[in-house]
Every structure is written in structure tokens, then in C-alpha cells.
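> Quick one, fold the following:
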Amino acid sequence: MGFSAKQVMALKRNLNARQIRTREAHGRELSYIEGWFAISEANRIFGFDGWSRETVESRCVLARENRGTFTAIYTAKVRITVQADGATIVREGHGSGEGRGTSPGDVHDIALKAAETDATKRAFATFGKPFGLELYRQNRVQEADLKLPIIPPTRLGFHPDDTTPISRPSRYHGGREDPKIETGRPAQITAAAPPLAPAASEKIDKSSLPLPEPKRRRDKSHLRFVASQPCTVCGRHPSDPHHLRFAQPRALGVKVSDEFTVPLCRGHHRQLHQAGNEVAWWETLKIDALRTARQLWEQTHPNEGQGDITRQSATKDE
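Numbering: from 1, shown residues only. So this is what the prediction gives:
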């Protein structure tokens, strides 16, 4: 084995539940880690210059168009090479990705990147727990794995003058296993014990973090309302709800919040996606798309969500 003792310890460490994401696919709830996190863990454990990634094969298995909407599905094979103390370790993974939209170039680009990211995560998963290996176990119980285990009363310590159990930290106290509980010896209670990590079921407001993550709200009824409105440019019907891509930082395969949508007819929708520079396209037409999106959102969500859009519009005006 070429890994150092420090790297072996890191590869045996459990995945932090806060890094697990969930999504629904074909009626099932899937758990996964994000691609950027897998790369970040590889840099932390193997070193920035200790590993490399190579796309061995990529193939488009489906490409079709239906009434101006394009769909593409790609498969990819990725090879991960790690240099560890003179030894070369090679792992491979296969993945698939799907892209949908009105621009064929963007659709194929998104599908290919998603396939490569999926294959990369599967290759990294072979290295162990920090890369989400446990998430690929088909019969894992989602909730049981994410919640803190309950210690049976028979294993708790008792006060000599009372029959009331004395509470003590769980086996995953502070995110690390307690070896004393594993061996059956009673754990010592400290007065200033650090707080337990929040359960995975609790929602974390990432907008309040030092490096906030933008909220991406989803509301199908609002999108239907936007689609019922006339085109913002020419006033024609029917319209598509177009997401203003410059309103929030871009993410792989993820649209901006539904707050930032305006109605566009099929022709102008296609023209906008072919333009490339969306901000310049709106400025040429002298249309404040963010203001239009805010007005539409206020109609379906009165007194809600005005802050984010107002700030976006103010930033654009500056």
C-alpha cells in the first residue's frame, strides 16, 4: 500500500452528513455528494499534485428535438490516477448525464459534464467512505444512516444514589466515534461538552453562512403563471418561462431560482439562447428583465422574495 498513515486515517473517516444531498428520480429518493466536494476531498487527502483525472471515453447515446426542446444523454468513462509514495493507483468509473433545454449546444454541454462528473464520483467512491461509498449500497436505510443512533438504557451509567440514568454523549459525539462506548467502558461526562452536530433532517439556511449559497426556489404554479403572460419582447402568445441565467451564480445542471423568470415567445426564446451574452441581449432591447421578473413574482407571492430580486436589480443598475 502506498498511502501514508495520515491518508489511510482520512480514507477511513466517515462522510459528514452535511455533505449528503438528496433528489427524486423516477419516484425514488437518491442520496449523493456533489462533484466539487469529491474533487475538494481528493485535493485534501491526495494533494493538489498527487492525482489526475482523464476522460477515457464519452458517447452521446440519445439526442432528440421536440417542438424546440432538445434532449441529450451522454455516458462517460473516467480514470483517476493517484501517486502515493512511489506507487501508482488507478481507478475507473462510469457515469451518465442528461441535459434538457432550448439550446442544443447548452444541452449537449450540460449532459457531457454531468456524465463526466458522475463517472468521477463513482471512481472516487472506490477509495472509501469520505467519497460517499456507503451511498451506493442499495439496501441502505436512508434515515437510519443519517440520524444519530440511540444508546439502549442498559448501557447508560447510573448515579449511585439514584435510579435515574445519567445522560452521556452518543457514539458519534462531535462527529467522531467514541472508542470507550465501543469497548463497553463508561464514558466520562464533562461539564463543557461541545454541542452535537445537527441531525441531517434539519434544514440549514445556507444564505446566512459567511459564504452564502443563493436560494433556488421552485414553484411550478408560478412558472405556469409566467407562461400564461404575453412575450416580454413582442407580446405574442404562447410564452415559455425563461430563467434569467445572469441573476444568480451558475451551477452545473441547475437553473436559477424560479423568481427570476420572464415570459418569452418561442422565437425570442430561441434567439436569446443563441445570442450567448444574455445581459447584452436585454440591454440592446432596453428591457429591464429583472424588474419584470420581480413584478411577476410579486403577483404570485405578495410580500415574499422581494429582497433578493431588488438587490439583483440594484446591482445591475450600478
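
> For Glu92, list each beta-bridge partner.
Counting by DSSP bridges, Glu92 forms beta bridges with Arg79.

> residues contacting it?
Going by CB atoms under 8 Å, 6 or more residues apart in numbering, Glu92 touches 56, 77-80, 123. All C-beta atoms are positioned from the backbone trio N, CA, C, and that covers glycine.

> Of the residues you listed, select the buried ones using a PyMOL command.
This is the PyMOL syntax for the buried subset of the contacts of Glu92, where burial follows 16 or more other CB atoms under 10 Å:
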select buried, resi 77+78+79+80+123
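
> of the contacts of Glu92, closest to Ser257?
Nearest to Ser257 out of the contacts of Glu92 is Val78 (CB to CB; 30.9 Å).

> From Ile287, how far out is His26?
39 Å (CB to CB, to the nearest Å).

> Among those two, which residue is more densely surrounded?
Ile287 (14 against 5; other CB atoms under 10 Å).

> Cys231 is in contact with the more buried one, correct?
No. Look at Ile287 against Cys231 with CB atoms under 8 Å: they stay out of range, at 10.9 Å.

> Going along the chain, name the strands of the stretch 1-150 of the chain.
Secondary structure of the stretch 1-150 of the chain, counting by DSSP state E, counting those that start in this stretch: strands at 21-25, 28-32, 51-66, 69-84, 87-101.

> Out of those strands, which one sits most buried?
When the strands of the stretch 1-150 of the chain are scored by mean count of other CB atoms under 10 Å, the highest mean neighbour count falls to strand 69-84 (a mean of 20).

> That strand versus strand 51-66: what angle between them?
Using axes from the mean of the first three to the mean of the last three CA atoms, to 10 degrees, the direction of strand 69-84 lies 170 degrees away from that of strand 51-66.

> Packing partners of strand 69-84?
In this structure, strand 69-84 packs against helix 35-46, strand 51-66, strand 87-101, helix 104-125, with contacts taken as 3 or more CB pairs under 8 Å, 6 or more residues apart in numbering; DSSP states H and E.

> What is the first one packed up against?
Identification of packing neighbours for helix 35-46 by 3+ CB pairs under 8 Å, 6+ apart yields helix 5-12, strand 69-84, helix 104-125.

> Can I get those in a markdown table including mean pLDDT and distance to Arg137?
A markdown table is the format used below for the helices and strands packed on helix 35-46 (pLDDT from 0 to 100; distance: least, CB to CB, whole Å):
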| stretch | mean pLDDT | distance to Arg137 |
| --- | --- | --- |
| helix 5-12 | 89 | 17 |
| strand 69-84 | 94 | 21 |
| helix 104-125 | 93 | 11 |
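
> Of the ones you listed, which is nearest His222?
strand 69-84 (19.8 Å).

> The closest one versus strand 87-101: what angle between them?
170 degrees.

> what inclination does strand 69-84 have with respect to helix 104-125?
Using the same axes, to 10 degrees, strand 69-84 lies at 30 degrees relative to helix 104-125.

> Using PDB, write out every CA atom in strand 69-84.
Extracted in PDB, the C-alpha atoms of strand 69-84 (Å, rounded to 0.1, in the frame of the first residue of the first chain):
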ATOM      1  CA  THR A  69     -36.900  21.500 -26.800                       C
ATOM      2  CA  PHE A  70     -33.700  19.500 -27.100                       C
ATOM      3  CA  THR A  71     -32.700  16.400 -25.000                       C
ATOM      4  CA  ALA A  72     -29.300  14.800 -24.900                       C
ATOM      5  CA  ILE A  73     -28.000  11.900 -22.800                       C
ATOM      6  CA  TYR A  74     -24.300  11.000 -22.500                       C
ATOM      7  CA  THR A  75     -22.200   8.300 -21.000                       C
ATOM      8  CA  ALA A  76     -18.600   8.700 -19.900                       C
ATOM      9  CA  LYS A  77     -15.800   6.700 -18.500                       C
ATOM     10  CA  VAL A  78     -13.300   8.500 -16.300                       C
ATOM     11  CA  ARG A  79      -9.900   7.300 -15.000                       C
ATOM     12  CA  ILE A  80      -8.400   8.500 -11.700                       C
ATOM     13  CA  THR A  81      -4.700   8.100 -11.200                       C
ATOM     14  CA  VAL A  82      -3.200   8.700  -7.700                       C
ATOM     15  CA  GLN A  83       0.500   8.900  -6.900                       C
ATOM     16  CA  ALA A  84       1.200   7.600  -3.400                       C
END
